[in-house]
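> Pasting a predicted model and its sequence here:
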Amino acid sequence: MIAVEGLVKEFKVYRRRDGLLGSLGTLFAREHTTVRAVDDISFEIPAGARTAYIGVNGAGKSTTIKILAGIMRPTAGRCLVDGIEPYRERRRNARSIGVVFGQRSQLWWDLSVPDSFQILRHVYDIPEPVFRRNLALFRELLDIDALGSTPVRKLSLGQRMRAEVAASMLHDPKVLYLDEPTIGLDLVLKTAVRELIGHVNRELGTTVVLTSHDLGDIAAICDRVLVVDRGRLIHRGSLRDLLDTAERRAVVFESGGPRPAAEIAAEITARLPGARASVLEGGRVRVEFATAATTSRQVLGFLLHHYDLRDFYAPEPGLESVIREIYAASAASGPPPRRAGSSRPTAAA
Ligand SMILES: Nc1ncnc2c1ncn2[C@@H]1O[C@H](COP(=O)(O)OP(=O)(O)OP(=O)(O)O)[C@@H](O)[C@H]1O
């Protein structure tokens, strides 16, 4: 569905000079640096996949999504979305995609949500049964009727986001680009939006590309991840594989023996290389360990041999810690610098 090859996007950022003379100077020669926001990225996303595109602030996520959505042209490389080069055929592309950019609105500021939806219905030429089916879905899951006839500009961020998500899906797009779609939503509405995205993915085979700093969104919506760092793709794979790469894991157990939990925890920390044990509420012991120093098998063997294990479980490694590990590894190996190209004077435009 989506094929990206050697995608590059550079921005020229012009330097401002201080003072009147400096300002006059910039009329004749302006210095700039080149920011390489997307740096030779290639990937493919099959139809119906739910992909998280993640990275720290400024990693290049929004820039990539803007290119995929046809809002921006790449400096080099290309992408095809459902056989279309989005920035060359913007109108055709717009019919088959739905977009939510958390900070930007696709609704009419002075109109109510129902009026905005009526306009979108005509813009996209949405057949009546599809329009009615989708409105019923948004009523059920997002309580869209509660937004009433209030103009969009008067809605709270959370209310507007509900309308934005619904608007992006109104015309049954083949691809949904969601940039922070649950920003400003409370937990109940977050869950509803996640359910809605899951629903259209299952029922209509919609391809979903999500960028979010909300790890709950990623875990609930996506089954695969692309991780970008300073414009470069540094990890791709299934969410399951990503979690399996966790270098730190944990087990929690309850000991039936007479020894105090604090004593057991201290013993484990002292004797198991790379392990740190602590006592949880209720006297259970949590052992965190680095898989590079001690394997899961060694930890389990040690615990079984020394203690009377009553209750035992291994919590899932948190997505947050796994992603932190990936960023740390990337920073340590020193990927290409974000700023490509040098500063040079150019004639003023
Ligand atoms: N129009 C622009 N002009 C100049 N630089 C830009 C422009 N748009 C983005 N950049 C720069 O490109 C880099 C990537 O920005 P981008 O918005 O794609 O990051 P992001 O991963 O979406 O970040 P965030 O999580 O904060 O939204 C940043 O260094 C940013 O400052």
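Yes, it's here. Residues are numbered from 1 along each chain as shown.

> residue ranges of the strands in the protein, please?
2-14, 29-45, 50-54, 76-81, 97-101, 175-179, 207-211, 224-229, 232-238, 248-255, 275-279, 285-290, 309-313, 344-347 (DSSP state E).

> per-stretch mean pLDDT over those strands, give me the minimum one.
Lowest mean pLDDT within the strands of the chain: strand 344-347, a mean of 33.

> N93 reaches I84, doesn't it?
Yes: counting by Cβ atoms under 8 Å, N93 touches I84, with 5.0 Å between them. C-beta coordinates here come from the backbone N, C-alpha and C atoms, glycine included.

> Next to the ligand, which bits of the chain? Give me the list.
Counting by Cβ under 6 Å from any ligand atom, the chain comes close to the ligand at 11, 13, 35, 37, 55, 57-63.

> Write the ChimeraX selection for whichever of the residues you listed are buried.
A single ChimeraX command selects the buried members of the residues of the chain next to the ligand (16 or more other Cβ atoms under 10 Å):
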select :35,37,55,59,60,61,62,63
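
> Could you dump the strands of the chain into a markdown table and include distance to R132?
Conversion of these to a markdown table gives the following (distance: least, Cβ to Cβ, whole Å):
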| stretch | distance to R132 |
| --- | --- |
| strand 2-14 | 30 |
| strand 29-45 | 30 |
| strand 50-54 | 26 |
| strand 76-81 | 28 |
| strand 97-101 | 18 |
| strand 175-179 | 20 |
| strand 207-211 | 23 |
| strand 224-229 | 33 |
| strand 232-238 | 37 |
| strand 248-255 | 49 |
| strand 275-279 | 56 |
| strand 285-290 | 52 |
| strand 309-313 | 47 |
| strand 344-347 | 55 |
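
> Compare those strands and report which one is nearest to Q159.
Smallest distance to Q159 across those (Cβ to Cβ): 14.3 Å, for strand 97-101.

> What is the neighbour count of R271?
Residues lying near R271 (other Cβ atoms under 10 Å) number 11.

> distance of it from V285?
Applying Cβ to Cβ, to the nearest Å, the value for R271 to V285 is 13 Å.

> before we move on, what about V113?
Applying Cβ to Cβ, the value for V113 to V285 is 52 Å.

> swap in G19?
When Cβ to Cβ is the yardstick, G19 and V285 sit 65 Å from each other.

> And I2, by the same measure?
46 Å.

> got it, and H235?
From H235 over to V285 the distance is 33 Å, taken as Cβ to Cβ.

> and if you look at G70?
Noted for G70: a distance of 55 Å to V285, by Cβ to Cβ.

> How about R224?
Taking Cβ to Cβ, one finds R224 at 35 Å from V285.

> Please identify which of the two sits among more neighbours.
A count of neighbours by other Cβ under 10 Å puts V285 above the other of R224 and V285, at 21 against 18.

> Now do the contacts for the more buried one.
With contact taken as Cβ atoms under 8 Å, 6 or more residues apart in numbering, V285 is in contact with 252-255, 261, 264-265, 268, 277-279.

> ok, now with 7 Å
Listed by Cβ atoms under 7 Å, 6 or more residues apart in numbering, the contact partners of V285 are 253, 255, 261, 264-265, 277, 279.

> go on, L68?
Residues in contact with L68 (Cβ under 7 Å, 6+ apart) are 2, 79, 81, 86, 177.

> what's the distance between it and the ligand?
12 Å (Cβ to the nearest ligand atom, to the nearest Å).

> What of R236?
For R236, the distance to the ligand equals 16 Å [Cβ to the nearest ligand atom].

> now swap in R133 and tell me
For R133, the distance to the ligand equals 33 Å [Cβ to the nearest ligand atom].

> the domain parsing of the chain - what is it?
Using automatic domain parsing, the domains assigned to the chain come out as 2-243, 248-316.

> tell me the most buried of the ones you listed?
Highest mean neighbour count of the domains of the chain: domain 2-243, a mean of 18 (counted as mean count of other Cβ atoms under 10 Å).

> What is the end-to-end distance of it?
End-to-end span of domain 2-243 (Cα to Cα, to the nearest Å): 25 Å.

> One more: stretch 142-149?
Using Cα to Cα, first and last residues of stretch 142-149 are 16 Å apart.

> Could you tell me how far the closest residue to E320 other than its chain neighbours is located from the ligand?
Closest residue in space to E320, ignoring its immediate chain neighbours: L215 at 5.4 Å, by Cβ to Cβ, 6 or more residues apart in numbering. Between L215 and the ligand the computed distance is 14 Å (Cβ to the nearest ligand atom).

> Please identify which of the domains of the chain is closest to Y327.
domain 2-243 (6.3 Å).

> ok so, going back, any figure for the gap between the residue nearest to E320 and V322?
According to Cβ to Cβ, L215 and V322 sit 10 Å apart.
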